[in-house]
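Peer 1: got a structure for you, letters missing:
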């Protein structure tokens, strides 16, 4: 196993802490001679889901080889590194830490060599009972090498079990709670798993490939006019369909909630212990609002189209007289288009995003006010001067970013600034893998709509309703988790919502959801 350590991108991005954090992206492929290279491309397409670390584990059927590093995919992997990962089978992972610190030891895939063979795992989500399970395992002699909840799954999976890995996974799924989509590999097997609620997306794809091999004559000379080639079919697992598109793989279907998909030489086999039960589904609604790439399809719905629908619904619910609709790039682009269509107000891109910021610049502490905001987006003053402007964004979490944007528009001479948000107010923290702040840090949990409007400095403020958000997806509300808006958590939570819980290593009592969200020390912004 090889590691490459460097500062993570999120540590160096000054605006990163102002936005909801992405969790992780998964990719796996079985049956392609260049599995590691295709996994690299797949992770590239999923980079938006995690920028702290990236890793690939590949197998030639005999040995698992792994390379992991801190930072973006393109900076972690080079051609010579990919060549050192031969084989027809690989899994990859991009990470933003939702449990455990951001460092190289917590980068995934995690790999173990145990009595059941070599196993590698990549995890997207958050286990709500990880601390309790870890304490139990440590009492039984297990030794943990990381502070991520994903290692708990690996320890449970590595335990002796009479049966194949699919049946072993069924037993593991009965013990773990919370959100998890998994890619798991052995020496010659790829497995995809989705939790019974289906909090996190996972899709199955198929790639038909051919590889020309130059034939040689008796003297070893290549006969260019006589090429013969290998051909085959590879199967792919990915967090989003955009990763399939990049490698020209065909979308087969979504992995169902509770499903275990096993891919090996025998083909594709599916096991779903929850099939036919009354198990509710709970896909994270914020995938449509913010996290997923616009060119991804979730549950048969294109994400960009859903965001346009969100904007149209927002225009119907919160009408306003204005001269221009502008988005907060990039996440507000599609909803702003929908708002402009629904309201009849012209659309314009007044904010220009700098796509090349990263860890190469030094952030002045007090020399430039709101530097972290201004370096990412610059305003074209002429487009907004003297105009009534509607600003469309996907969310307001702490309110600091929205306030800075409104201030920038005021300074540029905007006559009026109206803020519109394409989802309901965030009132509750997420326990399932989105790094939302605690309840006392969520602006909408501690302030009225008027107080929020006053804090950000807008002339008016409107959030999309919960019903309007669900309707925009074209799917029933019962298919989604919307706990961050409603406080109704689909599954029990028995630990404190703290991403550093594994580091703190102190005895904790179990908490109910009601215990978690009550806080007498809630901070007010106004």
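Peer 2: Received the coordinates, thanks. As the structure is a prediction and not an experimental result, all values here were calculated from the model. Numbers count the residues shown, from 1 in each chain.

Peer 1: can you give me the helices for the stretch 101-250 of the chain?
Peer 2: 130-139, 150-158, 165-175, 241-246 (DSSP state H, counting those that start in this stretch).

Peer 1: packing partners for whichever helix or strand comes after the shortest one?
Peer 2: Proceeding C-terminally, helix 241-246 gives way to strand 250-254 as the next helix or strand, assigned by DSSP states H and E. Strand 250-254 makes packing contacts with strand 203-216, helix 241-246 when contacts are defined by 3 or more C-beta pairs under 8 Å, 6 or more residues apart in numbering; DSSP states H and E. All C-beta atoms are positioned from the backbone trio N, CA, C, and that covers glycine.

Peer 1: can you list the ones you listed in CSV and add distance to residue 432, mean pLDDT and mean neighbour count?
Peer 2: As requested, these are exported to CSV (distance: least, C-beta to C-beta, whole Å; pLDDT from 0 to 100; neighbours: other C-beta atoms under 10 Å):
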stretch, distance to residue 432, mean pLDDT, mean neighbour count
strand 203-216, 19, 83, 15
helix 241-246, 21, 98, 22
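
Peer 1: export these as TSV, with columns for distance to residue 263.
Peer 2: Converted to TSV, the helices and strands packed on strand 250-254 look like this (distance: least, C-beta to C-beta, whole Å):
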stretch	distance to residue 263
strand 203-216	9
helix 241-246	15
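
Peer 1: so for residue 430, what's the nearest residue that isn't a sequence neighbour?
Peer 2: Nearest non-adjacent residue to residue 430, counting by C-beta to C-beta, 6 or more residues apart in numbering: residue 436, 4.7 Å away.

Peer 1: that neighbour is in contact with residue 395, isn't it?
Peer 2: No: the criterion here is C-beta atoms under 8 Å, and residue 436 misses it with residue 395 at 9.7 Å.

Peer 1: so which of these two has more stuff around it?
Peer 2: Shown here are residue 436 and residue 395; by other C-beta atoms under 10 Å, residue 395 has more neighbours (24 against 20).

Peer 1: what helix or strand is the more buried one on?
Peer 2: Residue-wise, residue 395 maps onto no helix or strand under DSSP H and E.

Peer 1: assign the spatially closest residue to it that is not a sequence neighbour to helix, strand or coil.
Peer 2: In this structure, residue 395 finds its nearest non-sequential neighbour in residue 423, 5.7 Å apart by C-beta to C-beta, 6+ apart. Using DSSP: H, G, I helix; E, B strand; the rest coil, the structure places residue 423 in coil.

Peer 1: can you work out which other helices and strands pack against whichever helix in the chain runs longest?
Peer 2: Longest helix of the chain, by residue count under DSSP state H: helix 303-317. Applying 3+ C-beta pairs under 8 Å, 6+ apart, one finds that helix 303-317 contacts helix 333-343, helix 466-473.

Peer 1: now render those as CSV, adding distance to residue 176 and mean neighbour count.
Peer 2: Output for those, formatted as CSV (distance: least, C-beta to C-beta, whole Å; neighbours: other C-beta atoms under 10 Å):
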stretch, distance to residue 176, mean neighbour count
helix 333-343, 35, 24
helix 466-473, 28, 20
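
Peer 1: which of these sits closest to residue 194?
Peer 2: Nearest to residue 194, of all these, is helix 466-473, at 18.8 Å by C-beta to C-beta.

Peer 1: for that closest one, give the mean pLDDT please.
Peer 2: What helix 466-473 shows for mean pLDDT is 98.

Peer 1: equivalent analysis for stretch 124-134, please.
Peer 2: On average, the pLDDT along stretch 124-134 is 93.

Peer 1: centre of the chain to that stretch, how far?
Peer 2: When C-alpha coordinates are averaged (C-alpha atoms, centre = their mean, to the nearest Å), stretch 124-134 and its chain have centres 17 Å apart.

Peer 1: repeat for stretch 331-341
Peer 2: Averaging C-alpha positions (C-alpha atoms, centre = their mean) puts stretch 331-341 22 Å from its chain's average.

Peer 1: now swap in stretch 153-165 and tell me
Peer 2: 27 Å.

Peer 1: same question for stretch 137-152.
Peer 2: 24 Å.

Peer 1: now do stretch 406-423
Peer 2: Distance, centroid of stretch 406-423 to centroid of chain: 29 Å (C-alpha atoms, centre = their mean).

Peer 1: buried residues, it. List them.
Peer 2: Residues of stretch 406-423 classed as buried by neighbour count (16 or more other C-beta atoms under 10 Å): 406-409, 412, 414, 416-423.

Peer 1: that one - what's its average pLDDT?
Peer 2: 97.

Peer 1: now stretch 313-324
Peer 2: Rounded mean pLDDT across stretch 313-324 is 98.

Peer 1: and if you look at stretch 350-364?
Peer 2: Mean predicted confidence for stretch 350-364 is 65.
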